[in-house]
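S.K.: One predicted model, sequence on top.
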Amino acid sequence: MMRFILADLRRLWAGATVVVLLVALATALGVTVTLQERALRLGSARAADKFDLVIGAAGSETQLVLSSVFLQPAPLPLMSGDVLAKLSKDPRVAWAAPVGFGDSFAGYPLVGTTRSLISSTVSGFAEGGMFGKEGEAVIGAAVKLPVGGEVKPMHGSAATGGETHAGVAYRITGRLQPTGTPWDRAILVPIQAVWHVHGLGHEHGEEEEHDGEAAPAITRAAATTDEHGHSLFEAVREQDHEHDHGHVHEAAAAAGQGEHGEGEENPDHHGIDPDAPIVEDFATDGPGLPAVLVKPKTIADAYKLRQEYRNGNTLAVFPGEVLTNLYGTLGDAKLVLGAVAAGSQGLVAAALVLVTVTHIAQRRRQIGALRAFGAPRSSVFAIVWLELFLLIALGVGLGFLIGLFAAQMIGSVFTDQSGIVLPVGFTDEDLKSAMLLLATSAVLAAIPAVLAYRQPPAAALRA
Amino acid sequence: MLSLRIEDLAKSFPGLSGPVLEIASLTITPGSRVAVTGGSGSGKSTFVNLITGLERATSGKLVWNGDDISRVSEAARDRWRARHVGLVMQDFHLFPGLSAFENILLPARLARVADAVTIGRARELLATVGLLRPDQRIETMSRGEMQRVAIARALLRKPGVIVADEPTASLDAEAGEAVGRLLLDLAEQAGTTLIVVSHDQRLINRLDRRLTFQAGRIVSDSVSDEVAA
Ligand SMILES: Nc1ncnc2c1ncn2[C@@H]1O[C@H](COP(=O)(O)OP(=O)(O)O)[C@@H](O)[C@H]1O
Ligand SMILES: [Mg+2]
């Protein structure tokens, strides 16, 4: 029987190929949507896993999570520095780490933070070790910079035409192990350095006061885009040649990138002392902060802290919970995409039934002859059913492979861009949906098979 | 070797005023060789379809060696036909994409009766009908060769009766002659009852008996001149 079916399919290979491809594409569409949605959900949940509680200034919960957990570059309002001081002293807190963002280098976001945050969220170093001085940096696993190399931060990102902080350079002391989170793409520097670069903290007491109270002040000084339209590389090159070319020096100074204290008129730009020791004692009131990541000691503490810091001035969120709300939206999108995929599968199914029923009508003689010459009726049914089912099953199988491949492609592009590793893979749920698809195709294939089964052989032979 | 007894057989189709076939009484003895002739539309194919169980009689009895096939279900008729009838049609009804050998075996394989003996017999039959390349694809054969493959297929399961509906009508004279002779020889060797619908005078003359149909009735039942002489 298989030989007969295969001979038949060989004869009708063009039609058979089209059927397989149609089924494969319709299946792949559904599979990609399912895999991608699940991967996105799992990947982002894993990224948020390490962060129990995030506290920031009053504003959007979603933005707070997107900026702190996913390092999405967007302006966050600042909260007063005494929040961190209070948290540091709180007995319910295992550790509280400030994070400061806004600068970038070579397309990687710079995140100011503490050693305790790094060591408690990352499993260790792949190369080198932790920063120990103000002028040192640690890079995430996906940052393509050499350990020992230099990082010259710029405001905002190259894409938005940021400007470099003249004279500020960090030395990379270590590369972290991968976490599968956006933090893999980050350059981590001491928060203290970020403050100093932006003229906060230490001797600039008044400014700190000023910034701390003026909550709407924005970390991302990138808002002040480079009027000269300098790209990152231009800016760096200019800086390198600064001593040789006076006019470049002028431009840099005009852009507020004073070196040797020339930019003092711009209070936002200051240098760091690369060899200064890092102080991570935030017991005293520090400068304003966009976010503090908090590790509560117990779950009960976490809820109490969240309750306490949800007041008019600050916002406290469980990133996992905010994500769950986001998934709600994502779920709607999935529903729409899923409906599109199901619709296309339905159309393909309808087209298939139409094609095969026509095909059976054309094969009446052959089917009639099979029975006339002694093939049992059941084998006629089996041949027609198997022939179609094989094609559909092949298409479904191929569709799952294409879907997996497509989801992986999309996932890797996504990982490149965001650092979030998407765990694309099949689960029992997919096995179930594959079974469901196959069961449906088995029923579908039975339609022409029943038609063939019921065809009277004599009438078929006369035709 | 089967005998046939027909009583008050009638076949009507819905929408037609009268029956297309009406036979009051007919007996065919085992091992006899019967020619069926008549004009187009006289009911010859209907006769073939009824006696092979491809169609069900509207009324009457159709008894092969004691089995009345006009009373049993479609599936039972299928089984009976597969077991007892070797069918040869004008249009061969072979399956493209398969070899001559595979075509001969296909119905037996689908009925799951193709054991080693049957497979060996298929090879012998191919040689008997004069085909030297069992693995030749059917669509690359001449019409005469195709009909010989069809004859080998009809003989595979050692049927009690061979029924051929215009087996030479679509062949040229020479191939028709060869196919006709082959049918007669093989039926004789096996001692099988043979019923051949044909217009081919030379073939008809070689058979023992001639039934002439007209408008669904047997108008003449004669012993062939040649054989009688
Ligand atoms: N399924 C059918 N429905 C209606 N009429 C039919 C059917 N099959 C055969 N006939 C009619 O029965 C008559 C005999 O047909 P047939 O047995 O094929 O003749 P022959 O084989 O002698 O040429 C014809 O008039 C034909 O039109
Ligand atoms: Mg006819």
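M.R.: Looks like it arrived, so ask away. Ligands and ions are numbered 1, 2, ... in the order given.
S.K.: Leaving aside the residues adjacent along the chain, what's closest to the closest residue to chain B within the stretch 151-300 of chain A?
M.R.: Proximity of the stretch 151-300 of chain A to chain B (Cβ to the nearest Cβ) peaks at A:Gly180, 52.7 Å away. Glycine gets a C-beta too; all of them are placed from N, C-alpha and C. Of all residues not flanking A:Gly180 in the chain, A:Val421 sits nearest, at 3.4 Å (Cβ to Cβ, 6 or more residues apart in numbering or on different chains).
S.K.: count of neighbours near the one you found?
M.R.: 22 (other Cβ atoms under 10 Å in any protein chain shown).
S.K.: So it, which state does it fall into?
M.R.: coil (DSSP: H, G, I helix; E, B strand; the rest coil).
S.K.: check contacts around it.
M.R.: A:43, A:46, A:178, A:180-181, A:184, A:415 (Cβ atoms under 8 Å, 6 or more residues apart in numbering or on different chains).
S.K.: if we can go back for a sec, what number of residues are in the vicinity of the residue of the stretch 151-300 of chain A closest to chain B?
M.R.: A:Gly180: 18 neighbours (other Cβ under 10 Å).
S.K.: Checking it next. Helix, strand or coil?
M.R.: Applying three-state DSSP: A:Gly180 is coil.
S.K.: Go ahead and confirm it touches A:Gly43.
M.R.: Yes. Here A:Gly180 reaches A:Gly43: they are 7.1 Å apart, a contact under Cβ atoms under 8 Å.
S.K.: what residues are shared contacts of those two?
M.R.: Going by Cβ under 8 Å, 6+ apart, residues that sit against A:Gly180 and also against A:Gly43 are A:420-421.
S.K.: Please enumerate the helices of the stretch 251-400 of chain A.
M.R.: A:299-308, A:319-362, A:364-372, A:377-418 (DSSP state H, counting those that start in this stretch).
S.K.: Run through the neighbouring helices and strands of the shortest one.
M.R.: The one in question is helix A:364-372. Counting contacts by 3 or more Cβ pairs under 8 Å, 6 or more residues apart in numbering or on different chains; DSSP states H and E, helix A:364-372 packs against helix A:377-418, helix A:457-462, strand B:85-89, helix B:100-110.
S.K.: Could you point out which residue ranges in chain A have low pLDDT?
M.R.: Scanning chain A for pLDDT under 70 picks out the ranges A:156-167, A:199-271, A:283-285, A:463.
S.K.: Show me how the record splits chain A into domains.
M.R.: Listed domain ranges for chain A are A:2-44+A:325-462, A:50-318 (source: automatic domain parsing).
S.K.: circling back: to A:Phe105, which of the helices of the stretch 251-400 of chain A lies closest?
M.R.: helix A:377-418 (17.0 Å; Cβ to Cβ).
S.K.: List the buried residues in the helix or strand following that closest one.
M.R.: Going down the chain from helix A:377-418, the next helix or strand is helix A:428-454, by DSSP states H and E. Neighbour counts over helix A:428-454 (16 or more other Cβ atoms under 10 Å in any protein chain shown) mark A:430, A:433-434, A:437, A:441, A:444-449, A:451-453 as buried.
S.K.: what do you get for stretch A:126-135?
M.R.: Buried, per 16+ other Cβ under 10 Å, within stretch A:126-135: A:128, A:131, A:133-135.
S.K.: Now tell me what touches that stretch from outside.
M.R.: A:115, A:118-119, A:137-138, A:141, A:147-148, A:169-178, A:188-190, A:192-193, A:196, A:272-278.
S.K.: that older thread, closest to A:Pro73 among the buried residues of stretch A:126-135?
M.R.: For those, with A:Pro73 as the reference and Cβ to Cβ as the criterion, the closest is A:Phe131, at 22.2 Å.
S.K.: for the helices and strands packed on helix A:364-372, which one ends up most surrounded?
M.R.: strand B:85-89 (a mean of 26; mean count of other Cβ atoms under 10 Å in any protein chain shown).
S.K.: helices or strands next to the longest helix anywhere in chain B in the packing?
M.R.: Scanning chain B for the longest helix, with DSSP state H as the assignment, gives helix B:173-190. Counting contacts by 3+ Cβ pairs under 8 Å, 6+ apart, helix B:173-190 packs against strand B:33-38, helix B:143-155, strand B:161-165, strand B:193-197, helix B:201-206.
S.K.: go with 10 Å
M.R.: Counting contacts by 3 or more Cβ pairs under 10 Å, 6 or more residues apart in numbering or on different chains; DSSP states H and E, helix B:173-190 packs against strand B:33-38, strand B:85-89, helix B:116-128, helix B:143-155, strand B:161-165, strand B:193-197, helix B:201-206.
S.K.: Put together a markdown table for the ones you listed, with distance to A:Tyr108 and mean pLDDT on each row.
M.R.: Compiled in a markdown table, these are given as follows (distance: least, Cβ to Cβ, whole Å; pLDDT from 0 to 100):
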| stretch | distance to A:Tyr108 | mean pLDDT |
| --- | --- | --- |
| strand B:33-38 | 92 | 96 |
| strand B:85-89 | 79 | 95 |
| helix B:116-128 | 72 | 95 |
| helix B:143-155 | 75 | 96 |
| strand B:161-165 | 84 | 96 |
| strand B:193-197 | 88 | 97 |
| helix B:201-206 | 92 | 92 |
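S.K.: Distance to chain A for these - can I get that in JSON lines?
M.R.: As requested, the helices and strands packed on helix B:173-190 are arranged in JSON lines below (distance: least, Cβ to the nearest Cβ, whole Å):
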{"stretch": "strand B:33-38", "distance to chain A": "16"}
{"stretch": "strand B:85-89", "distance to chain A": "6"}
{"stretch": "helix B:116-128", "distance to chain A": "12"}
{"stretch": "helix B:143-155", "distance to chain A": "7"}
{"stretch": "strand B:161-165", "distance to chain A": "9"}
{"stretch": "strand B:193-197", "distance to chain A": "13"}
{"stretch": "helix B:201-206", "distance to chain A": "21"}
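S.K.: between the ones you listed, which gets nearest to ligand 1?
M.R.: strand B:33-38 (5.7 Å; Cβ to the nearest ligand atom).
S.K.: Output the lowest mean pLDDT helix or strand found in chain B.
M.R.: helix B:225-228 (a mean of 53; mean pLDDT, DSSP states H and E).
S.K.: Name the spans of chain B whose pLDDT lies under the cut-off.
M.R.: For chain B (pLDDT under 70), the answer is B:225-229.
S.K.: For it, which residue occupies the most central location?
M.R.: B:Val163 (1.5 Å; Cα atoms, centre = their mean).
S.K.: Report the separation between it and A:Ala45.
M.R.: 73 Å (Cβ to Cβ, to the nearest Å).
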